[in-house]
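> Need a 3D model of the sequence below.
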Amino acid sequence: MKVSHIKTLMLIVFITFLYGFATIRNARRTITDVSVEFEKGENFFLTSENVIEILKEKRVDIKNQLKSKIDVKSLEEKVNNHPMIESADIYVSVDGKLHSKIKQREPIGRVQTKKEVFYIDQLGEKMPLSKNYSARVPLFSGDIRENNLEEVHRLLNFIKKDAFLEKQVIAVTRTNKNEYYLKLRIANQKVLLGTIENLESKINNLKALYKDLIAQNKENKYKLLNLKYSNQVVCVKN
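Numbering: from 1, shown residues only. Sure thing, here's the model as predicted:
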């Protein structure tokens, strides 16, 4: 055997030994710390302590456990199943720290039915209330049932994406005739939308009206603005 081949073989053996030694040593290392990072720095509904509690296996603290015994995939699934969390990225760094990057679900409205109160998130899914934080979102109440939550989500999503409505709408009420009232910050006024058909056209009419009312300093003149009829706004005076 040539000397060069022997050297290559010895190098391979040495590298294999180092790799095996490093693997064994790494497996014997313990978790030194647990880091929780919230996306955009927002931790409204959950605190770092809440997440650390979720990470615990059978109430056993993650810190000081052997790295080899930490099932990162299982922990990630567990955290992702929490009703306040949209997604989680969990990994262990070389220094033995367990990192958790958390994205919380974002509510766009609080819904109050005869049976329960809950948030609806951006995806139209139910989301429980939190003891830590109350989101400043429109309150949706009235004749609301499971079979019309999709329509509720559609209207709330429209409000969320419109700068004027997001700022002005305090609450929404659904009647048993499938019509919707908006309660606005401006002069505590009500707006009757009717159904949510032709919603964009109705809101454009509302914006045009408010532009004129504000220009004439008459935004407090009416208690109800009726948008349910096509291409017109019926105003009811105070």
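> Going by C-alpha atoms from here, please, whenever you check contacts or count neighbours.
Will do.
> ok, the closest residue to Ile90 other than its chain neighbours - contacts?
Leaving aside its sequence neighbours, Ile90 sits nearest to Ser100 (C-alpha to C-alpha, 6 or more residues apart in numbering; 4.6 Å). For Ser100, the contact set (C-alpha atoms under 8 Å, 6 or more residues apart in numbering) comprises 34-37, 88-91.
> buried set for the helix or strand hosting Ser100?
Assigned by DSSP states H and E, Ser100 belongs to strand 97-104. Residues of strand 97-104 classed as buried by neighbour count (16 or more other C-alpha atoms under 10 Å): 97-100, 102-104.
> Any chance you could list what contacts the helix or strand encompassing Cys235?
Assessed by DSSP H and E, Cys235 sits inside strand 234-237. Strand 234-237 has contacts (C-alpha under 8 Å, 6+ apart) with 221-227.
> residue boundaries of the strands in the chain?
Assigned by DSSP state E, the strands in the chain fall at 33-38, 85-92, 97-104, 107-112, 117-121, 126-127, 139-142, 169-174, 180-184, 190-194, 222-226, 234-237.
> any idea which of these is most buried?
strand 107-112 (a mean of 24; mean count of other C-alpha atoms under 10 Å).
> how big is the angle separating that strand from strand 169-174?
50 degrees (axes from the mean of the first three to the mean of the last three C-alpha atoms, to 10 degrees).
> care to break this structure down by domain?
33-104, 107-237 (automatic domain parsing).
> For the ones you listed, please prepare CSV with the additional fields mean pLDDT.
CSV is the format used below for the domains of the chain (pLDDT from 0 to 100):
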stretch, mean pLDDT
domain 33-104, 85
domain 107-237, 90
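> one step back: closest to Ile70 out of the contacts of strand 234-237?
The closest of the contacts of strand 234-237 to Ile70 turns out to be Leu227 (C-alpha to C-alpha; 58.6 Å).
> didn't Lys160 look like it was pressed against Glu106?
No: Lys160 sits out of contact with Glu106 when judged by C-alpha atoms under 8 Å, with a separation of 11.2 Å.
> Quickly note the distance from the residue nearest to Ile90 to Val94.
15 Å (C-alpha to C-alpha, to the nearest Å).
> and what of Ile102?
Ile102 is 20 Å from Val94, where distance means C-alpha to C-alpha.
> Over to Phe38?
For Phe38, the distance to Val94 - C-alpha to C-alpha - is 21 Å.
> Spit out the contact partners of the residue nearest to His99 when sequence neighbours are not counted.
Leaving aside its sequence neighbours, His99 sits nearest to Ser35 (C-alpha to C-alpha, 6+ apart; 4.8 Å). Residues in contact with Ser35 (C-alpha under 8 Å, 6+ apart) are 97-100.
> will you turn the residues you listed into a markdown table that also has distance to Ile203?
Conversion of these to a markdown table gives the following (distance: C-alpha to C-alpha, whole Å):
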| residue | distance to Ile203 |
| --- | --- |
| Lys97 | 51 |
| Leu98 | 49 |
| His99 | 45 |
| Ser100 | 42 |
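> now, among the residues you listed, which is nearest to Ile170?
Using C-alpha to C-alpha, the contacts of Ser35 come closest to Ile170 at Ser100, 34.9 Å.
> The closest one and Thr173, how far apart?
39 Å.
> And the pLDDT for His5?
At His5, the model reports a pLDDT of 55.
> Please shift the residue numbers so they start at 9 in all later answers.
Got it, the first residue is 9 from now on, which makes the last one we talked about His13.
> Pick out the most distant pair among the contacts of Ser108.
Val42 and Ala96 (14.2 Å).
> ok, Asn156 - how many residues close by?
Neighbourhood size, Asn156 [other C-alpha atoms under 10 Å]: 11.
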